[in-house]
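1. A structural model of the following input is requested.
(2 chains)
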Protein chains: 2
Amino acid sequence: MTTAEELGERKVIKLILACLEQMPEAPVPFGDDVSAVEIGNGRLAVIKTDMLVGKTDVPSGMTLRQAARKAVVMNISDLVAKGVQPLALLASIGVPRNLTEKDIRQMGRGLNEGAREYNAYVLGGDTNEATDLIISCTAFGICQERHLISRNGAKPGDIVAVTGLFGKTSSGLKILLEQLYASPQLKSRLVRAVYMPQARLREGLALAQTRVATSSIDSSDGLAWSLHEISRASNVGFLIHNLPVAQEAKQFAEINNLDLTELVLYGGEEYELLVTIEPRSWEKAKEAVEQVGTTLINIGLVTKQKTILLETEGMTVPIEARGWEHFKTG
Amino acid sequence: MTTAEELGERKVIKLILACLEQMPEAPVPFGDDVSAVEIGNGRLAVIKTDMLVGKTDVPSGMTLRQAARKAVVMNISDLVAKGVQPLALLASIGVPRNLTEKDIRQMGRGLNEGAREYNAYVLGGDTNEATDLIISCTAFGICQERHLISRNGAKPGDIVAVTGLFGKTSSGLKILLEQLYASPQLKSRLVRAVYMPQARLREGLALAQTRVATSSIDSSDGLAWSLHEISRASNVGFLIHNLPVAQEAKQFAEINNLDLTELVLYGGEEYELLVTIEPRSWEKAKEAVEQVGTTLINIGLVTKQKTILLETEGMTVPIEARGWEHFKTG
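-> Residues are numbered from 1 along each chain as shown, chains lettered A, B, ... in the order given. So this is what the prediction gives:
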């Protein structure tokens, strides 16, 4: 009989979803970044749960405070990608027996920090003894149904854009997990991207309120994977002509003789938003995001043909459906 | 340094809560069975998360389907105790590598069953590789703020009542974990109480809608522990004069020469509601619960003195603050 290990995470999710009866007229389909329930007056209650497991989600050197903060931020990021202000979080924690009182306080502080940075509160939760460190958070928010940005609205001709540059976390992970070299200053910036992820709250809200995005997703599974997710949900393809390369990733790739495109596309654990925008709304979108201090970067076009391609140095290469793979701690 | 093992679950929760900033004017205080956020028009969004861990929450002989159903029901039960109809659930699952495709399907079915039995839907979730089997569910519902029954409204003179009889699950657990004897027929009924817990949805809603309960809690940590929780939150005591003994527990205690009071008070994993009712509303409460097919059982009185006492055979003995202790699988 096939085991979970052989099936892989995505097949496991498929098997479970196949057993679930769907809520009639659910405002958000199965498999989007969040779930939602209508609460009247055109509003939705939006909820999301995502589990951090110590063994696979906490690289060496990350403190428990950072791990707990990250467990909160990764849930908030999914609300943010839909344009929803997070209001409240719950945290369900599996506590290994040998954690100390100090460790537990650090976790409490990290949970609180993650929530307060985004103007939300941790309202409660649950703790249990477990072998693994588990921090399973649930984020809750409310939005106008017409403001919610789904995954499935991208149309051929739309501009595809991101809220920042890529490659820092994948570089940071290579330092932490494979002991690759970077100068102290570069190392500190790359590793910080891993330890202190930032969700793009203001950008997500600005895009939702101006109603200019036709689809949106965060890039926590990597830029390539996120493009494939939007492609599947919206039934479109992409032509990427401007790879959003972080300067630090470029330096790191040069020092270590790595493929920069690989670092930028297939990294993961980044929390930039990937959005699609109708061309006639582009200036409006750019302005809305600029008003909160961020540059929206045009990286390519939505295409009718369902291929996902990168145009680079005059050549066109496919962007593969590879995503973030869980990593082992050292 | 003190470890989590030495601190115990309740101290761990306290340490974490102490790190969290409280939401101003939160409609439900920290430490109640659920958390809530105001959503306008006098309504609350009510959320709850509770984690099932294979090692400690799944006794031998319980199938994965039953375990997944239980993970849902234990969350629903907390909403129910507050008088809130569950609408949606999320499930965050830690999957051991060696689970089979069939196991995963069984889990999916159990999640769906648990939700559909109470007219709710599982809307989504997350899966991760973990050493332990982890099923962390979040339940979501909406209620009128004035219908929500807290833990802290019990007043001296109120009648304390329960929605059913106690002792079956603790007996069932003794069969499963300590291999105590019962006849096949008795065994089947006791073990079923463990494998297929039932949340008191209709009773909880009936009590909320008639607004007759001054406080309410489920009894998942045992009757004694639940009395102590209401006592702490409401700043009252109890005099219990009518122990709600299940006939099956009485038989089981006789066969095995066990202390019946121990089985009834200190068991846990029972999902009956424990409520307090003003004497002048007693008939109304009783009728409301009878209309959904259940007898509300008067077991004693709320007292001003903050002691929790059992009157039995002319003697008065204290009910200790002992609760449900996690059990190891065989």
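
2. list the contacts for A:Ala130?
-> Taking C-beta atoms under 8 Å, 6 or more residues apart in numbering or on different chains, we find A:Ala130 in contact with A:Gly94, A:Val95, A:Pro96, B:Val53, B:Lys55, B:Asp132, B:Ile134. (C-beta placed from N, C-alpha, C; glycine too.)

3. name the nearest residue to it, ignoring sequence neighbours.
-> Counting by C-beta to C-beta, 6 or more residues apart in numbering or on different chains, the nearest residue to A:Ala130 once its immediate chain neighbours are dropped is A:Gly94, at 3.0 Å.

4. wait, the one you found sits on B:Val53?
-> Yes - the pair formed by A:Gly94 and B:Val53 meets the contact definition of C-beta atoms under 8 Å, at 6.4 Å.

5. mind listing the strands for the stretch 51-200 of chain A?
-> Applying DSSP state E, counting those that start in this stretch to the stretch 51-200 of chain A gives strands spanning A:86-95, A:121-129, A:134-144, A:159-162.

6. any idea how far the residue nearest to A:Ala130 is from B:Glu248?
-> The gap separating A:Gly94 from B:Glu248 is 34 Å, by C-beta to C-beta, to the nearest Å.

7. comparing those two, which residue is more hemmed in?
-> Using other C-beta atoms under 10 Å in any protein chain shown, the more surrounded residue of A:Gly94 and B:Glu248 is A:Gly94, with 27 against 20.

8. okay, the more buried one and A:Gly125: tell me how far apart.
-> For A:Gly94, the distance to A:Gly125 - C-beta to C-beta - is 11 Å.

9. how about whatever residue of the stretch 101-250 of chain A ends up closest to chain B, nearest residue that isn't a chain neighbour?
-> Per C-beta to the nearest C-beta, A:Gly108 is where the stretch 101-250 of chain A lies closest to chain B, at 2.9 Å. Nearest residue to A:Gly108 in three dimensions, chain neighbours excluded: B:Cys19, at 2.9 Å (C-beta to C-beta, 6+ apart).

10. burial of the one you found, as a residue count?
-> Residues near B:Cys19, counting by other C-beta under 10 Å: 19.

11. thinking again about what came up before, do you know which of the strands of the stretch 51-200 of chain A lies nearest B:Leu173?
-> strand A:121-129 (17.5 Å; C-beta to C-beta).

12. for the closest one, buried residues please.
-> A:Tyr121, A:Val122, A:Leu123, A:Gly124, A:Gly125, A:Asp126, A:Thr127, A:Asn128, A:Glu129 (16 or more other C-beta atoms under 10 Å in any protein chain shown).

13. contacts with chain B among those, please.
-> Among the buried residues of strand A:121-129, proximity to chain B is found for A:Tyr121, A:Val122, A:Leu123, A:Gly124, A:Gly125, A:Asp126, A:Thr127, A:Asn128, A:Glu129 (C-beta under 8 Å from any C-beta of the partner chain).

14. adding pLDDT, write the residues you listed out as JSON lines.
-> Putting these into JSON lines (pLDDT from 0 to 100) gives the following:
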{"residue": "A:Tyr121", "pLDDT": "98"}
{"residue": "A:Val122", "pLDDT": "98"}
{"residue": "A:Leu123", "pLDDT": "96"}
{"residue": "A:Gly124", "pLDDT": "93"}
{"residue": "A:Gly125", "pLDDT": "93"}
{"residue": "A:Asp126", "pLDDT": "91"}
{"residue": "A:Thr127", "pLDDT": "93"}
{"residue": "A:Asn128", "pLDDT": "91"}
{"residue": "A:Glu129", "pLDDT": "91"}
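
15. with distance to B:Gln179 added, can I get those in TSV?
-> Shown next, in TSV, are those (distance: C-beta to C-beta, whole Å):
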residue	distance to B:Gln179
A:Tyr121	47
A:Val122	42
A:Leu123	42
A:Gly124	37
A:Gly125	35
A:Asp126	30
A:Thr127	30
A:Asn128	26
A:Glu129	24
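
16. and the residues you listed, which two are furthest apart?
-> Across these (C-beta to C-beta), the longest gap, 26.1 Å, separates A:Tyr121 and A:Glu129.

17. just checking, the residue nearest to A:Gly108 touches A:Arg109?
-> Yes - under the criterion of C-beta under 8 Å, B:Cys19 makes contact with A:Arg109 at 4.9 Å.

18. list phi and psi for the residue lying closest to A:Gln22 once chain neighbours are set aside.
-> Once flanking residues are discounted, A:Gln22 sits nearest to A:Phe30: 6.6 Å by C-beta to C-beta, 6+ apart. Per-residue torsions, A:Phe30: phi -50, psi 140 (degrees, to the nearest 10).

19. what strand or helix carries the residue most central in space within chain A?
-> The geometric centre of chain A, computed from its C-alpha atoms, lies nearest to A:Ser220 (C-alpha atoms, centre = their mean), at 2.8 Å. In the assignment (DSSP states H and E), A:Ser220 maps to no helix and no strand.

20. got the contact list for it?
-> By C-beta under 8 Å, 6+ apart, the neighbours of A:Ser220 are A:Met74, A:Ser77, A:Asp78, A:Gly268, A:Glu269, A:Glu270, A:Tyr271, A:Trp324.

21. show residues contacting the one helix or strand A:Thr276 maps to.
-> Taking DSSP H and E as the definition, A:Thr276 sits inside strand A:273-277. Contacts to strand A:273-277, defined as C-beta under 8 Å, 6+ apart, come from residues A:80-81, A:149, A:153-155, A:158-163, A:200, A:203-204, A:207, A:212-219, A:223, A:226-227, A:230, A:234, A:285, A:296, A:302.

22. good, wrapping up.
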